[in-house]
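1. build the 3D model from these lines:
(chains A and B)
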Amino acid sequence: MPDAQRQRHYIRSSSFVMAALFTVLCGAAALCLGYFINFFAKDHFVHSTEAVLDSQIALVKMSDMPQEGIQGDYLYHFLDEKGRLPDTVAGDVSRFSEGIIVFDYAGDQRRYAAKIYSAADGEKLLIGFDITRISNDFRLMHIMGICSIIFVMIVVFVSYLISVFVVSGTNKIADTAQHIIKTGDLSQRLDVPSRWDDLSNMAGVLNDLLARIEALMIGVRRVSDNIAHDLRTPLTRMRNRIETLQEKYNDEDHTALLHDADHMLRTFTALLRISRLETEQQRSHFQDVNLKTILQDMITLYEPLAEEKGIRIDHDIADVTVKGDKDMLFQAFANLLDNAIKYTGQHISGGGHISLTAAMQNGRIRVRVQDNGPGVDDDELDKIFDRFYRAEQSRTTDGTGLGLSLVKAVIELHHGSVYAEKSDQGLRIITIL
Amino acid sequence: MRILIVEDDKDVSAYIAKGMKEAGHTSDIAGNGKDGLFLATTEAYDVLIIDRMLPELDGLRIIQTLRGAGDPTPAIILSALGEVDDRVKGLRSGGDDYLVKPFAFAELLARVEVAANRRSTSNENGAGQTNLQVGDLTLDLLSRAVKRGGQSIDLQATEFRLLEYLLKNKGTVVTRTMLLENVWDYHFDPQTNVIDVHISRLRSKIDKGREAPFIRTVRGAGYIIDV
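-> Numbers count the residues shown, from 1 in each chain, chains lettered A, B, ... in the order given. You can find the predicted model right below:
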C-alpha cells in the first residue's frame, strides 16, 4: 500500500480520532481548571488582602498612630515628607492592585502587600500585611500549572504513540486479512510480535481461527477429493466396461449406453468442478491475462460453428487486462457464447445474431453477450445461473444444465459478477470483472 | 512400445494394459508408488503412465525423483483431480501431459503415442524441421505456404496451425481435446464439438476434388493423418 493511502487511513482511523479528541478534551479541561483556579484564587486573594489592609487602616484611623516596625503580621512604616518609600522597601516593588503595592521587605526578608494611609496631619503611613505564605502558595500553584501543561503535552504525545501503534497494528491485520481474502491462501498467518498487548492477543486469536478454517477447508477438500477419487473411479470403470462392450458388439444400444455414461460422468465432473471452485477460492496462481486475446481466440474457435448455423457474431472488444486464470476465463466465456449459439433464433428473419462487447466502465470491465434467441421469462432471469436450471423450451437440448453455474463460479472466483437481462431481441448476459 | 502403468486401482490398470495390448504395446503394472519408482528406475520404458494419488509414494514425487536423476522418459499423469492448480503442479513436477479421470481410452492412447513420438523426433532432428511433408502435401513453416500436388492452398491462421499440429503428429491419432490444448492453447471443456467444424473447413480446402480425405476421422477418438 502506498504511504499516502496509509496516511489517509491513519488520519481517518477511529483510534486517531479518539486520540485527538482525548487530547483536545484533556487540554481544554486542564486549561479551564487552571484558569478558574488562577482567576478565583487571585481574585479572592486580592480582595481578602485589600479587606485586611482596609480594616487595619480603619483601625489606625480610629486609634493612635502605631509604632514604626513589624507587629505580628503587620508592618508599619512612615514615609518622608516627599512621600517616598523607605530604602528597605524601595528595591523590588510591584503594583498589586489599585492602591496596593507588593514588595520584599529588607528588614525581615518577607513579602508584604501594603497600602498607604494619609493621616489628617499630612503624615503618610505605609501599612503592610505579610503575604509570604500566600505568595509562596501562589508560586507553587504557578509551578503546578506549568507542570499540568507539561502533563497534558505528555498525554498528547503518549496518546499519539498509542494511536499510531493501534492503527499500524490494525492496518497490518487488515492488510493480511485482505491478502488472504484476495489470494484465498489460508495458510497465511498474522504477525504476532508479542502477547502482552490486546492487538497481538487478538491477532493470536485470529490466527487460531484461521488455522481452524484452514483445517476445515482441507477437510472439505479431502472429502470432495475423496468423492472425486472414490466415486468417479468406479463410474469410470463402468464407462470403460461399456466402451469395451460397445467395441465388441458395435450396436446402437451400446453406443447409446456409452453416451449416457459419458453424459453422467460429464455432469458429475462439472458439478465437482463448480463446488471446488466455490469452496477453494484458489487465486494464488492468478496472473495478468489479456481478456481481448481470450475473447478473440474464443470467437475464432466458435465462428465457424456459428456460421454453419447461419449466425453472425459481431464483436467490439477493448484491449483490457484482468488478473485471473486464462483457461477458466476462456471456459466461462466459451460457455456463454456456446449458450448463445445454442439458443439464437436462426429462424428469425435476417438470421441469428450474437453481439459480444467488452469495455471499461466505471473502472471495471463489462462484457456483454447478447443473442436474438427466445430469451428467458422475467421471473426466471436470476434462476438461469442455478445448478441444473434449464429453461422450459430447452429441456430437450443436450447439456448438463451446469454451463451457466460454472460461468458464475468462475466469474465470482475472479471477484466479478454476472447477471442476465431481458432485451428487446433476446437474452443479454452481462459480466462485470 | 513398452509402457509402465503405476496405478493403485487394479481395474483401471488392467483396463489400460488390455487396451495397450490391443494397440500393440506391452505394459508393466505397479500397484503402488514405491514399486512404480523401482520399476521406472531399473527398467527401460518408452512412456510412463502414473496416477497422482498413490499409496506409499505420491505420483508427482515419482516423476520429480526421476527427473532429478536425469531420466527423461515421457510421463503422463492420471488424476481424479481436475483443477488448474493441480494441472500446473503436475506439469511443473516434470509430467509431459495431464489427463483427468474419467478419460476415454482413445484419449490416453493418443497422448501416449504423441508423447513417445515427441521424444523420439526431438532426439533426431525433428525439432529443427521447417518443412513438413506427407504424400503430395507440403507445409512450409517459414513461408507459411501449403501446397498439395504443386497447387498452393490458402489457409487461415487457425487452419494452418491445425494442419501443422496434425502433420507433426502424422501417423498417430490426435484427439479433439489435444487439438484444443495445442492449437488454441486453452485447457477447457467445450460443450459442443467446435473442432469438427474447423476440421471440415480445413478438409474442404485441402481435399478439393479428391475422393479420400487427407485427414481421416477415427471414430470415438479423433483425427489422424495416415503416413
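2. can you pull the contacts of the residue in chain A that chain B sits nearest to?
-> Using Cβ to the nearest Cβ, the point where chain A gets nearest to chain B is residue A:236, with a distance of 3.5 Å. Heads up, the C-betas are built off the backbone N, CA and C, glycines and all. Contacts for residue A:236 (Cβ atoms under 8 Å, 6 or more residues apart in numbering or on different chains) come out as A:265, B:12, B:101-103.
3. how about a cut-off of 7 Å?
-> For residue A:236, the contact set (Cβ atoms under 7 Å, 6 or more residues apart in numbering or on different chains) comprises B:101-102.
4. phi, psi of it?
-> When read as degrees, to the nearest 10, the backbone of residue A:236 gives phi -60, psi -40.
5. near chain B, which residues of the stretch 151-300 of chain A?
-> Among all residues of the stretch 151-300 of chain A, those adjacent to chain B (criterion: Cβ under 7 Å from any Cβ of the partner chain) are A:225, A:228-229, A:232-233, A:235-237, A:239-240, A:243, A:265, A:269, A:273, A:276, A:282, A:285, A:297, A:300.
6. tell me the buried residues within these.
-> With neighbours counted by 16 or more other Cβ atoms under 10 Å in any protein chain shown, those contain buried members at A:225, A:228-229, A:232-233, A:235-237, A:239-240, A:243, A:265, A:269, A:273, A:276, A:282, A:297.
7. give me the neighbour count for residue A:255.
-> By the criterion of other Cβ atoms under 10 Å in any protein chain shown, residue A:255 has 14 neighbours.
8. which stretches in chain B count as helices?
-> Counting by DSSP state H, chain B forms helices over residues B:10-22, B:33-42, B:59-68, B:84-92, B:105-123, B:157-168, B:176-179, B:194-206, given from the N-terminal end onward.
9. so where is the stretch 101-250 of chain A shaky, pLDDT-wise?
-> For the stretch 101-250 of chain A, residues meeting the criterion pLDDT under 70 lie at A:183-184, A:221, A:224-229.
10. now do the strands in it.
-> In the stretch 101-250 of chain A, the strands defined using DSSP state E, counting those that start in this stretch lie at A:110-118, A:124-130.
11. hmm, back to that, show me the residues of the stretch 151-300 of chain A next to chain B that map onto helices.
-> A:225, A:228-229, A:232-233, A:235-237, A:239-240, A:243, A:265, A:269, A:273, A:276, A:297, A:300.
12. in the stretch 201-350 of chain A, which spans are helices?
-> Chain-ordered helices for the stretch 201-350 of chain A, with DSSP state H, counting those that start in this stretch as the definition, fall at A:252-280, A:291-308, A:326-343.
13. quick one: the first one to chain centroid distance?
-> The gap between the average C-alpha position of helix A:252-280 and the chain average comes to 44 Å, counting by Cα atoms, centre = their mean, to the nearest Å.
14. kindly report the same for the second one.
-> Mean C-alpha position of helix A:291-308 versus that of the full chain (Cα atoms, centre = their mean) differs by 43 Å.
15. kindly report the same for stretch A:79-88.
-> On the basis of Cα atoms, centre = their mean, the separation between the geometric centre of stretch A:79-88 and that of its chain is 75 Å.
16. returning to that earlier point: for residue A:359, find the nearest of the helices of the stretch 201-350 of chain A.
-> Comparison of these against residue A:359 by Cβ to Cβ identifies helix A:291-308 as nearest, at 10.7 Å.
17. what's in contact with that closest one?
-> In this structure, residues lying in contact with helix A:291-308 by Cβ under 7 Å, 6+ apart are A:313, A:315, A:317-322, A:326, A:329-330, A:333-334, A:337, A:341, A:354, A:356, A:358, A:365, B:158, B:184, B:186, B:192, B:194, B:197-198, B:201.
18. go on, stretch B:30-46?
-> The list of residues contacting stretch B:30-46 from outside it, by Cβ under 7 Å, 6+ apart, reads B:1-4, B:6, B:8, B:28, B:48, B:50, B:54-59, B:62, B:65-66, B:73, B:116.
19. now with 6 Å, please.
-> The list of residues contacting stretch B:30-46 from outside it, by Cβ atoms under 6 Å, 6 or more residues apart in numbering or on different chains, reads B:1-2, B:4, B:6, B:8, B:28, B:48, B:54-57, B:62, B:66, B:73, B:116.
20. can you check stretch B:206-216 too?
-> The list of residues contacting stretch B:206-216 from outside it, by Cβ under 6 Å, 6+ apart, reads B:148, B:153, B:203, B:223-226.
21. next, the buried residues of it.
-> B:206, B:214-215.
22. returning to what we had before: ok, so of the contacts of stretch B:30-46, who is nearest chain A?
-> If you rank the contacts of stretch B:30-46 by distance to chain A using Cβ to the nearest Cβ, residue B:8 comes first, at 9.7 Å.
23. and that closest one, how far from residue B:24?
-> Distance of residue B:8 to residue B:24, computed by Cβ to Cβ, to the nearest Å: 26 Å.
24. out of those two, which sits in the more crowded spot?
-> Just comparing residue B:8 and residue B:24: by other Cβ under 10 Å the higher neighbour count belongs to residue B:8, 19 against 7.
25. quick one, what contacts that one?
-> Applying Cβ under 6 Å, 6+ apart, we find residue B:8 in contact with B:31, B:54-55.
26. how much space between the closest residue to residue A:265 other than its chain neighbours and residue A:267?
-> Spatial nearest neighbour of residue A:265, chain neighbours left out: residue B:102 (4.9 Å); criterion: Cβ to Cβ, 6 or more residues apart in numbering or on different chains. Note on residue B:102: its distance to residue A:267, by Cβ to Cβ, is 12 Å.
27. what about these two, which has more around it?
-> The neighbour count for residue B:102 versus residue A:267, taken as other Cβ under 10 Å, is higher for residue B:102 (23 against 15).
28. how much space separates that one from residue A:382?
-> Distance of residue B:102 to residue A:382, given as Cβ to Cβ: 33 Å.
29. before we move on, what about residue A:34?
-> Counting by Cβ to Cβ - residue A:34 and residue A:382 are separated by 66 Å.
30. which residues touch the helix-or-strand element of chain B with minimal mean pLDDT?
-> Of all the helices and strands that make up chain B, helix B:84-92 has the lowest average by mean pLDDT, DSSP states H and E, namely a mean of 75. For helix B:84-92, contacts defined as Cβ under 6 Å, 6+ apart pick out A:282, A:285, A:325, A:327, B:77, B:98.
31. run a quick neighbour tally on the fourth one.
-> So the one you mean is residue A:327. For residue A:327, the tally of surrounding residues (other Cβ under 10 Å) stands at 21.
32. how about low-confidence regions in chain B?
-> B:81-85, B:119-128.
33. domains in chain A, by residue range?
-> For chain A, the domain assignment from automatic domain parsing gives the residue ranges A:1-182, A:198-280, A:287-432.
34. and the ones you listed, which is most packed in?
-> Each of the domains of chain A was given a mean neighbour count from mean count of other Cβ atoms under 10 Å in any protein chain shown, and the largest, a mean of 18, is that of domain A:287-432.
35. contacts for stretch A:411-430, please.
-> Contacts with stretch A:411-430, where a contact means Cβ under 6 Å, 6+ apart, come from A:277, A:324, A:332, A:336, A:368-373, A:375-376, A:381, A:384, A:408, A:431-433.
36. out of those residues, list just those in strands.
-> Assignment to strands by DSSP state E places the following of those there: A:324, A:368-371, A:431-432.
37. farthest pair in those residues?
-> In the ones in strands among the contacts of stretch A:411-430, the most distant members under the criterion Cβ to Cβ are A:324 and A:371, with 24.5 Å between them.
38. how many residues are close by the closest residue to residue B:172 other than its chain neighbours?
-> In space, and not counting its chain neighbours, residue B:172 is closest to residue B:113: 4.2 Å by Cβ to Cβ, 6+ apart. A count of nearby residues for residue B:113, using other Cβ under 10 Å, gives 20.
39. residue B:113 and residue B:173 touch, don't they?
-> No. Between residue B:113 and residue B:173 no contact is recorded; they are 7.0 Å apart, counting by Cβ atoms under 6 Å.
40. you'd agree residue A:431 is up against residue A:369?
-> No. With contacts counted by Cβ under 6 Å, residue A:431 stays clear of residue A:369, the gap being 7.7 Å.
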